[in-house]
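J.: predicted structure and sequence below. I'll ask about it afterward.
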Amino acid sequence: MNNNTSFDNMGRAMKNVRWPEIDSAPQVMERIRAAAGRPESRGRQRRVAYRKRLWIVTAVLLLFTAVSVSAAVSMSFSWNGIDISTYRPDEPVPGSSAAGDKPESDITRIEREMKARKEWKSFTLEEAGHLYKLPVLRPGSVSPAPSRTFGITRTGPFEKPLAADELHLDGFYDFYEQGEEWIVVVQKEAQPKEPTSMQIFYPEDWEVVKVDERILSASYGTDANRGMDVWMVVDETNERMLHLSGNVSKERLRKLAEAYVGKPLTP
């Protein structure tokens, strides 16, 4: 199985992200698995008493082993009470900007993994209104329109635990398919919780944009295998994450993300 999708590239790149240790309570680890389907990792613990924030950020980012302390920090800013920094790795970060073999499309992988587990069940956009607290974001009159639109949820406990290389598929999906070109957009809701740590480091070649105090975006990869994550604080009790991936340009992915968010993703 070719696990060189944007989800895997994000995971490999995040092995060089530095962070403090996070809470290992079951509900926290479930959120981590939901974001990336990866095992937990280690780091230093810092606890700071901040107000409620976008905890899906922590779930996605606090995943893998720490980067060398000698890596040079090249940019730093604060977003929503979180210290965000970029760093220059001591060694190239796999899956960040280096091109590799032609990856399997995320569409193919999602379809395969959904069929492999009877516990996964699809649902419609109309049914999503009964399952989610927030309305599902729609892209308006983008062209081409999504070729497929559906949600995926789990009907019960897995007979066998998810393997390290399996995706946690919960979320609402739009597939865009045109010839060999593909894009996947998945959105997930997050529930705020009391914070554990608030210092996040990205590889230097990731484009991290503080749109405003409620929206943060990060882009990474190459045109053959690109990813973009957008984290949004809706209000004090509602948060969401938008993950886009595809074999398209950074500009194409950004414009599509803006269609969902409803505003330019620029500072």
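T.: It's in. Numbering: from 1, shown residues only.

J.: show me where the stretch 151-267 of the chain has helices.
T.: Secondary structure of the stretch 151-267 of the chain (DSSP state H, counting those that start in this stretch): helices located at 250-261.

J.: can you pull the contacts of the nearest residue in space to Gly140 that is not next to it in sequence?
T.: Of all residues not flanking Gly140 in the chain, Ala259 sits nearest, at 5.4 Å (CB to CB, 6 or more residues apart in numbering). Where C-beta positions appear, they are placed from N, C-alpha and C, glycine not excepted. By CB atoms under 8 Å, 6 or more residues apart in numbering, the residues touching Ala259 are 139-140, 142.

J.: which of those count as buried?
T.: Pro139 (16 or more other CB atoms under 10 Å).

J.: and the contacts of Ala259, which is closest to Leu242?
T.: Among the contacts of Ala259, Pro139 lies closest to Leu242 (CB to CB), at 10.6 Å.

J.: which residues touch that closest one?
T.: Pro139 touches 145-146, 174, 185, 256, 259-260, counting by CB under 8 Å, 6+ apart.

J.: how about these in a markdown table, adding distance to Ile152?
T.: Shown next, in a markdown table, are the contacts of Pro139 (distance: CB to CB, whole Å):
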| residue | distance to Ile152 |
| --- | --- |
| Ala145 | 20 |
| Pro146 | 15 |
| Asp174 | 12 |
| Val185 | 13 |
| Leu256 | 20 |
| Ala259 | 22 |
| Tyr260 | 18 |
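
J.: check those residues and tell me the two furthest apart.
T.: Ala145 and Tyr260 (13.0 Å).

J.: of the two, who's got more company?
T.: A count of neighbours by other CB atoms under 10 Å puts Tyr260 above the other of Ala145 and Tyr260, at 20 against 11.

J.: next one: that one from Met228, what distance?
T.: 11 Å (CB to CB, to the nearest Å).

J.: may I have stretch 111-120 exported as PDB, CA atoms only?
T.: Taking Å, rounded to 0.1, in the frame of the first residue of the first chain, the C-alpha atoms of stretch 111-120 are listed here in PDB:
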ATOM      1  CA  GLU A 111     -12.400   4.900  -0.400                       C
ATOM      2  CA  ARG A 112     -10.300   1.800   0.300                       C
ATOM      3  CA  GLU A 113     -10.100   2.300   4.100                       C
ATOM      4  CA  MET A 114     -13.800   3.000   4.400                       C
ATOM      5  CA  LYS A 115     -14.600  -0.300   2.600                       C
ATOM      6  CA  ALA A 116     -12.200  -2.200   4.900                       C
ATOM      7  CA  ARG A 117     -14.100  -1.300   8.100                       C
ATOM      8  CA  LYS A 118     -17.800  -2.100   8.400                       C
ATOM      9  CA  GLU A 119     -18.000   0.400  11.300                       C
ATOM     10  CA  TRP A 120     -17.700   3.300   9.000                       C
END
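
J.: not counting its neighbours along the chain, what's nearest Gln178?
T.: Per CB to CB, 6+ apart, closest to Gln178 is Pro144, 5.8 Å.

J.: the one you found and Ala224: what is the separation?
T.: 20 Å.

J.: ok, these two, which is more surrounded?
T.: Ala224 (15 against 10).

J.: I'd guessed the more buried one sits against Glu180; true?
T.: No. Taking contacts as CB atoms under 8 Å, Ala224 lies outside contact range of Glu180: 10.9 Å.

J.: who touches both of the two?
T.: Common neighbours of Ala224 and Glu180 (criterion: CB under 8 Å, 6+ apart): Asn247.

J.: that'll do, ta.
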